[in-house]
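Engineer: Predicted coordinates and the sequence they were generated for:
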Amino acid sequence: MSALPLLVFDGDCAFCSSSVRWAERHIGRMPRTQPYQFAPLDELGLTAEQCNAAVQYVARDRQVYAAHDAVAALLLGAGKGWWVLGALMKAPGLHWLSGVAYRWVARNRHRLPGGTAACALPPR
């Protein structure tokens, strides 16, 4: 069994990888991270399709959070001032807005700093 909590991300995406490295440098209580390409997905209750579509956070209680909910869960457990940002992301109205922002970033991650063509999500 993998140690939890665990943040599972797209290791083929340069933008995702650089974002995780940034978080590891700046967030004091950052959970373990692992590219989904090397994670025991079955054991975590995840699929490659889920992980390719959005970042996944598997909490200690094995609850899985995806996309902006994964980011909020990570921040809530990060301590210091990070938990405030995580709580704001869960607040009514702001939760919806953080979802819109996450989906925009996910759709455009190949165009953002550090992004490459490999970062593009497959067409729907």
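Structural biologist: Cool, got the structure.
Engineer: and the residue most central in space within the chain, what does it touch?
Structural biologist: Computing the C-alpha centroid of the chain and ranking residues by C-alpha atoms, centre = their mean puts residue 55 first, at 3.3 Å. Residue 55 makes contacts with 7, 8, 9, 10, 16, 66, 67, 70, 71, as judged by C-beta atoms under 8 Å, 6 or more residues apart in numbering. All C-beta spots, glycine's among them, are computed from the backbone N, C-alpha and C.
Engineer: just residue 32 next, same as before
Structural biologist: Residue 32 sits in contact with 2, 3, 5, 6, 7, where contact means C-beta under 8 Å, 6+ apart.
Engineer: Looking at those residues, which are in strands?
Structural biologist: Taking DSSP state E, the ones among the contacts of residue 32 that sit in strands are 6, 7.
Engineer: which of the contacts of residue 32 lies closest to residue 23?
Structural biologist: Of all the contacts of residue 32, the one with the least separation from residue 23 (C-beta to C-beta) is residue 7, at 8.1 Å.
Engineer: Show me what the closest one is bridged to.
Structural biologist: Using DSSP bridges, the beta-bridge partners of residue 7 come out as residue 33, residue 57.
Engineer: residues near it, how many?
Structural biologist: 22 (other C-beta atoms under 10 Å).
Engineer: isn't it right up against residue 73?
Structural biologist: No: assessed by C-beta atoms under 8 Å, residue 7 is found out of contact with residue 73, at 9.2 Å.
Engineer: Provide a complete list of residue ranges assigned to helices in this protein.
Structural biologist: Along the chain, counting by DSSP state H, helices occupy 14-26, 41-44, 48-53, 67-76, 82-90, 94-108.
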